[in-house]
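Q: the amino acid sequence is not available; the structure is as follows:
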């Protein structure tokens, strides 16, 4: 009984110590992370009330050191970060939880595509950071291109550690794939020029760069997307016909993975109309360079998908009307092809409850096809129709 009382007494004492010491530390971290007017002078004043050893090595509830907290502040002056790093250099290799971010990664994620002063300072102070590989994020170049960081910072990381261009992350993807999804065309071209083998690289799932960017890049559709896709096609046209382990080619990827939310712009300079236009241009680019699959049934990932042509997929995913028009113009005979459930694109659209505009387009074009060619028609891989 006495032992239990003693344990409880000491537990309460420990809780009391935490409650009196944590608020000050927590407030310091919060101030560093959120205040847009942090300065070295103001920081020195705040540090006067703390024990030197404890405060420099302190962390908040998420495992962030003072250097982390400073790097998460987009308005943080470089001299404040330098002051904190000098006070606790080991912080540069510490990771927080649950994101496993180092201060360098925090600076990149915070600066993103507009501000990289702190990241440049850290690389100047610790050039070896460019060579650090994370089991979660891959190389620093992977992380930078995924954030995305500024092209200038990505190029500097490449200068410090060009070998990163040939290294795979935990998904067996090269940094160039991340760059193709998010970075400007000029950065993608630079990376391809330094390491041209990346253009033909396939990950463990047989996913090429073109497949990868058409499958996942819809979160930030813009003119940049189409420009990068055109560059990849020019450098490696065979990627248009290379199927992934799922049997998908880039055209099917683009149609299969689109969801309406992907057309909601994420970047301030990309309007919804521009995102839709970019998607249509991407489909047009893929179709113009490789029209063969327009007449092929698609072995999808579920029974409902099986046997779908690209036009079926477009109708099923209810992609923008103009993208469906592009597919029909390229291969009007696809209107008569049926999926594994014996449905034409029009019949699939009616079953799916597509918009009136899409149903009207499919109906009008189907009627035109019947009127013009009747039952005697043939088609070839370029979408040309004629009499038997």
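A: Good, I have the coordinates. Note that the structure is predicted; figures quoted are calculated from it, not measured. Numbering: from 1, shown residues only.
Q: now do the contacts for residue 120.
A: 153, 156 (Cβ atoms under 8 Å, 6 or more residues apart in numbering). Using the backbone N, CA and C atoms, a C-beta is placed for each residue, glycine as well.
Q: separation between it and residue 274?
A: Noted for residue 120: a distance of 31 Å to residue 274, by Cβ to Cβ, to the nearest Å.
Q: next: residue 337.
A: According to Cβ to Cβ, residue 337 stands 32 Å off from residue 274.
Q: likewise for residue 56?
A: Relative to residue 274, residue 56 is positioned 48 Å away (criterion: Cβ to Cβ).
Q: can you tell me the closest non-neighbouring residue to residue 167?
A: Taking Cβ to Cβ, 6 or more residues apart in numbering, and ignoring the residues beside it in sequence, residue 167 has residue 139 as its nearest neighbour in space, at 5.3 Å.
Q: sorry, slip of the keys, the one I care about is residue 136.
A: In this structure, residue 136 finds its nearest non-sequential neighbour in residue 100, 5.1 Å apart by Cβ to Cβ, 6+ apart.
Q: before we move on, back to that, what sits against the residue nearest to residue 167?
A: Shown in contact with residue 139 (Cβ under 8 Å, 6+ apart): 131, 132, 133, 161, 164, 167, 169, 175.
Q: derive a ChimeraX selection command for the buried subset of those.
A: The ChimeraX command for the buried members of the contacts of residue 139 (criterion: 16 or more other Cβ atoms under 10 Å) is given here:
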select :132,161,164,169,175
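Q: from the contacts of residue 139, which is closest to residue 66?
A: Relative to residue 66, the closest of the contacts of residue 139 is residue 132; by Cβ to Cβ it sits at 20.2 Å.
Q: relative to residue 329, how far out is the nearest residue to the closest one once chain neighbours are set aside?
A: In space, and not counting its chain neighbours, residue 132 is closest to residue 140: 5.8 Å by Cβ to Cβ, 6+ apart. Shown here: residue 140 relative to residue 329, a distance of 45 Å by Cβ to Cβ.
Q: how about the strands in this structure?
A: For the chain, applying DSSP state E gives strands covering 133-134, 138-139, 378-379, 385-386.
Q: my guess is residue 55 contacts residue 27. True?
A: No - under the criterion of Cβ atoms under 8 Å, residue 55 makes no contact with residue 27, lying 11.9 Å away.
Q: need the residues touching each of those two.
A: With Cβ under 8 Å, 6+ apart as the test, residue 55 and residue 27 reach no residue in common.
Q: more crowded one of these two?
A: Taking residue 55 and residue 27 together and counting by other Cβ atoms under 10 Å, residue 55 has the greater number of neighbours (17 against 11).
Q: which residue is the nearest non-sequential neighbour of that one?
A: Leaving aside its sequence neighbours, residue 55 sits nearest to residue 47 (Cβ to Cβ, 6+ apart; 6.0 Å).
Q: who's more crowded, residue 140 and residue 329?
A: For residue 140 versus residue 329, neighbours defined as other Cβ under 10 Å are more numerous around residue 140 (28 against 12).
Q: contacts only, for the more buried one.
A: Under the criterion of Cβ under 8 Å, 6+ apart, the contact partners of residue 140 comprise 104, 105, 108, 129, 130, 131, 132, 157, 161, 164.
Q: go again with 7 Å.
A: For residue 140, the contacting residues are 104, 129, 130, 132, 157, by Cβ atoms under 7 Å, 6 or more residues apart in numbering.
Q: next one: residue 50
A: residue 24.
Q: gap between it and residue 38?
A: Plainly put, residue 50 is 16 Å away from residue 38 if you go by Cβ to Cβ.
Q: one more: residue 93?
A: Relative to residue 38, and taking Cβ to Cβ, residue 93 is found at 23 Å.
Q: more neighbours: those two, which one.
A: Between residue 93 and residue 38, counted using other Cβ under 10 Å, the more crowded position is residue 38 (21 against 12).
Q: can you give me the buried ones in stretch 361-371?
A: 361, 362, 365, 366, 369.
Q: quick one: residues in contact with it.
A: Stretch 361-371 has contacts (Cβ under 7 Å, 6+ apart) with 321, 324, 325, 328, 332, 335, 336, 345, 346, 349.
Q: want to try JSON lines for these, with distance to residue 212 as columns?
A: Rendered in JSON lines, the data for the contacts of stretch 361-371 read as follows (distance: Cβ to Cβ, whole Å):
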{"residue": "321", "distance to residue 212": "27"}
{"residue": "324", "distance to residue 212": "24"}
{"residue": "325", "distance to residue 212": "27"}
{"residue": "328", "distance to residue 212": "28"}
{"residue": "332", "distance to residue 212": "31"}
{"residue": "335", "distance to residue 212": "31"}
{"residue": "336", "distance to residue 212": "33"}
{"residue": "345", "distance to residue 212": "27"}
{"residue": "346", "distance to residue 212": "32"}
{"residue": "349", "distance to residue 212": "29"}
